[in-house]
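1. Give me the fold of what follows.
(2 chains)
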Amino acid sequence: MPNPSSSTLQDADRACRVSSPTVLVVDDEPVTRLRLTARLTRLGYRVIEACDGKAGLELLRRARPDLTILDWMMPGLDGPTFCEEVRCDPAICASQILMMTGHDQPEQIAEGLARGADDFLSKAASTQEITARVQAGLRTATLIRALEQTTEDIRRKQDILEQELRSAAQYVASMLPVSGPLLPGVRMDSVYRPALTLGGDLFNVLPWNEHLLGLYLLDASGHGVSSALRSASLATFLREESLRHQVGSKDPGAILTAANQQFPLTDEGHYFTIVFARLDLRARTLIYATAGHQGAVLHHRSGAVTELTKPGLPLGFCVPHVYETTEIAVAPGDRLYLFSDGLYEVPGPNGELWGRVRLIEAMQALGHRPMADVIAGIVEQATRWLGHDRFPDDAAMVGIELGD
Amino acid sequence: MKIEERPVLNGVVLDITGDLTYANREVFTAAVEAVRRKGCRHLILNMAVVRFVDSSGLGLLALVSQQFKAAQGRVSLVNPQSYVLEIMSLANIAQLMAIYDTEQAAQAGSPQAA
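-> Predicted coordinates for the structure are as follows:
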């Protein structure tokens, strides 16, 4: 008797190289196996064979046939157990299996289907019935293969998109200033937590000269790629050279008035809120303007807090519109914090928001500690309120400390 | 979100139920667009049972206001709840569209301190 296991591996390799449907026949009875193989071959199928369940399973894993015709009763691994093993293996679990039996009792058919067979074929079946059932199994196999291919295509495209998103996120992160000394006697610390891979919040510090510092924090409505791109576009507008050409002034109100003209509402109603400030170390003044942004606080060395924001139109809501500049005195030891609403509009388990008031209370309570610890502590309290560390909106905070 | 359209003298009222948020933007936009296509000049948004407006919702309100102004029309807000009113106040929405206590006041066009 020929050894089916050795010859079938060659058959499997060959089968993999051709496009005709391949049928695996698993039966321990050589006569039955040879007769079925001959009938299937005459019907135009490529046939590979295994003489028992164990060899059949190995061949199924290696050759990935389009259809498996499986005997119920076999020594060692019987048909139903074969089916169960196939359904537990993610690599082959979608295989189409036609169980062959000499008995076609309803209870036996039900058990076979329950344990993983897709259809039944009587050993006494006519050529017409074999043809019909094999074709039905192959139709299903074709659909499953198409589905697997589509899933794989989607996964591959998803991988490419995610890689591009990661690259874009690296670019956005590269636009953010690095924590540490900015100018003599001025230090910056910050945190940036985008809700998705890419965020629409952005902040920056612009050391214009040795005693003049521009800084801003902007928040683009919406999330994801479009928000990040719009933020990058506004950040480009806010560069020193761009401001010199397009605004001709470093006055925060004039800058926001010009930005309002440049960045109208999008067709989807997207817009920016922003706070833009200019810190003059020589004059010890902070002048600033806000456009619908509520996160700007001056924490004095004394512990007192001055909220710098007031109700105002976000950029793009009303064109033309003149944004006003406000001036406030600053002193050594003062800390300026700019932050986005995503840092404090975080819901607790009952839906109640953590809120700006709690954020400012946390800022005051932690005020004796280094500024980096204050910011980290605020993020820690917000995430504790939230119950996890995934902010539902982009969250950003930047702190500027004036040394003695 | 559920929006029902109701014609009134010289305008259309949209009764909004639910949150005016990013997730509901398509429902809101479709309802407003249907009213605009009919040539309505005065859109009255009944906010009495709107519980929450997020940043996207604010943007949609501003967009609708601009669209109606461009067509010589106007948008009025009626009876926003206190939390929604606070959100809209921070963004100065009242500078873009009138806010009224009642639908009758909105139809009459006489601003009230909402």
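
2. make it CA atoms for all contacts and neighbour counts henceforth
-> Noted.

3. Quick one: the helices in chain B, in order.
-> For chain B, the helices defined by DSSP state H cover B:25-37, B:55-70, B:82-90, B:103-108.

4. Same question for chain A.
-> Applying DSSP H to chain A gives helices spanning A:4-17, A:30-42, A:53-63, A:79-88, A:106-114, A:127-175, A:224-237, A:240-246, A:252-262, A:355-365, A:371-386.

5. Tell me which of these approaches chain B most closely.
-> Comparing those against chain B with CA to the nearest CA, the closest turns out to be helix A:224-237 (11.7 Å).

6. average pLDDT across that closest one?
-> Average pLDDT, helix A:224-237: 90.

7. Buried residues, it. List them.
-> Residues A:224, A:225, A:226, A:227, A:228, A:229, A:230, A:231, A:232, A:234, A:235, A:237 are the ones in helix A:224-237 that count as buried (16 or more other CA atoms under 10 Å in any protein chain shown).

8. Distance to residue A:298 for the residues you listed - can I get that in CSV?
-> Compiled in CSV, the buried residues of helix A:224-237 are given as follows (distance: CA to CA, whole Å):
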residue, distance to residue A:298
A:224, 30
A:225, 32
A:226, 32
A:227, 28
A:228, 28
A:229, 30
A:230, 28
A:231, 25
A:232, 27
A:234, 25
A:235, 23
A:237, 26
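
9. Report how many residues lie close to residue 108.
-> Since you didn't name a chain, this refers to chain A. By other CA atoms under 10 Å in any protein chain shown, the residues close to residue A:108 number 13.

10. The intended chain is chain B.
-> By other CA under 10 Å, 11 other residues sit near residue B:108.

11. which residues sit in contact with it?
-> If a contact means CA atoms under 8 Å, 6 or more residues apart in numbering or on different chains, then residue B:108 has no contacts.

12. how much space between it and chain A?
-> For residue B:108, the distance to chain A (CA to the nearest CA, to the nearest Å) stands at 25 Å.

13. so what's that residue scoring on pLDDT?
-> Note on residue B:108: pLDDT of 89.

14. any idea what sits nearest residue A:306, other than its immediate chain neighbours?
-> residue A:298 (5.1 Å; CA to CA, 6 or more residues apart in numbering or on different chains).

15. List the contacts of the most centrally placed residue in chain B.
-> Centroid-nearest residue in chain B: residue B:45, 3.3 Å away (criterion: CA atoms, centre = their mean). Shown in contact with residue B:45 (CA under 8 Å, 6+ apart): B:13, B:14, B:15, B:16, B:75, B:76, B:77, B:78.

16. likewise residue A:99?
-> With CA under 8 Å, 6+ apart, residue A:99 has these contacts: A:69, A:70, A:71, A:72, A:79, A:112, A:117, A:118, A:119, A:120, A:121.

17. Show me the contact partners of stretch A:62-82.
-> With contacts defined as CA under 8 Å, 6+ apart, stretch A:62-82 is touched by A:9, A:12-13, A:15-16, A:21-28, A:52-54, A:57, A:60, A:92, A:95-101, A:112, A:115-117, A:134, A:137-138, A:141-142.

18. what's the average pLDDT for stretch A:20-36?
-> 93.

19. Give the buried residues for it.
-> A:21, A:22, A:23, A:24, A:25, A:26, A:27, A:28, A:30, A:33, A:36.

20. check contacts around residue A:375.
-> The neighbourhood of residue A:375, defined by CA under 8 Å, 6+ apart, consists of A:189, A:190, A:191, A:363, A:397, A:399.

21. The second one and residue A:337: what is the separation?
-> In other words, residue A:190. With distances taken as CA to CA, to the nearest Å, residue A:190 is found 9 Å from residue A:337.

22. what's the answer for the first one, then?
-> Relative to residue A:337, residue A:189 is positioned 10 Å away (CA to CA).

23. Residues in contact with both of those two, list them for me.
-> Each of A:398, A:399, A:400 lies in contact with both residue A:189 and residue A:337 under the rule CA under 8 Å, 6+ apart.

24. The first one is in contact with residue A:187, isn't it?
-> In other words, residue A:398. No. Look at residue A:398 against residue A:187 with CA atoms under 8 Å: they stay out of range, at 10.6 Å.

25. So those two - more neighbours on which side?
-> Comparing residue A:398 with residue A:187 by other CA under 10 Å, the one with more neighbours is residue A:398, at 26 against 17.

26. near chain B, which residues of the stretch 301-404 of chain A?
-> The stretch 301-404 of chain A comes close to chain B at residues A:310, A:311, A:312, A:313, A:314, A:317, A:318, as judged by CA under 8 Å from any CA of the partner chain.

27. ok, the longest strand that chain B contains: who's next to it in the sheet?
-> As assigned by DSSP state E, the longest strand anywhere in chain B is strand B:42-53. Strand B:42-53 has these partner strands in its sheet, going by DSSP bridges: strand B:11-20 (parallel), strand B:74-78 (parallel).

28. want to throw these into CSV with mean pLDDT?
-> Output for these, formatted as CSV (pLDDT from 0 to 100):
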stretch, mean pLDDT
strand B:11-20, 95
strand B:74-78, 96
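
29. Point out where chain A drops to low pLDDT.
-> Chain A contains residues with pLDDT under 70 at A:1-19, A:103.

30. same deal with chain B?
-> Looking at chain B by pLDDT under 70, you get B:110-114.

31. can you list the residues of it near chain A?
-> Proximity of chain B to chain A (CA under 8 Å from any CA) is limited to residues B:22, B:55-56, B:59-60, B:62-63, B:89-93, B:96.

32. quick one: which of those residues is most hemmed in?
-> In terms of neighbours by other CA under 10 Å, the residues of chain B next to chain A top out with residue B:59 at 28 neighbours.

33. Could you double-check that it lies in contact with residue A:272?
-> No. Contact criterion CA under 8 Å: residue B:59 and residue A:272 do not qualify, at 9.5 Å.

34. quick one, what contacts the residue lying closest to residue A:220 once chain neighbours are set aside?
-> Residue nearest to residue A:220 in three dimensions, not counting chain neighbours: residue A:272, with 4.5 Å by CA to CA, 6+ apart. By CA under 8 Å, 6+ apart, residue A:272 lies in contact with A:218, A:219, A:220, A:221, A:291, A:314, A:315, A:316.

35. hmm, 10 Å instead?
-> A:200-201, A:218-222, A:227, A:230-231, A:234, A:259-260, A:263-265, A:291-293, A:313-317, B:55, B:59 (CA atoms under 10 Å, 6 or more residues apart in numbering or on different chains).

36. List buried residues within these.
-> Buried among the contacts of residue A:272 (16+ other CA under 10 Å): A:200-201, A:218-222, A:227, A:230-231, A:234, A:259-260, A:263-265, A:291-293, A:313-317, B:55, B:59.
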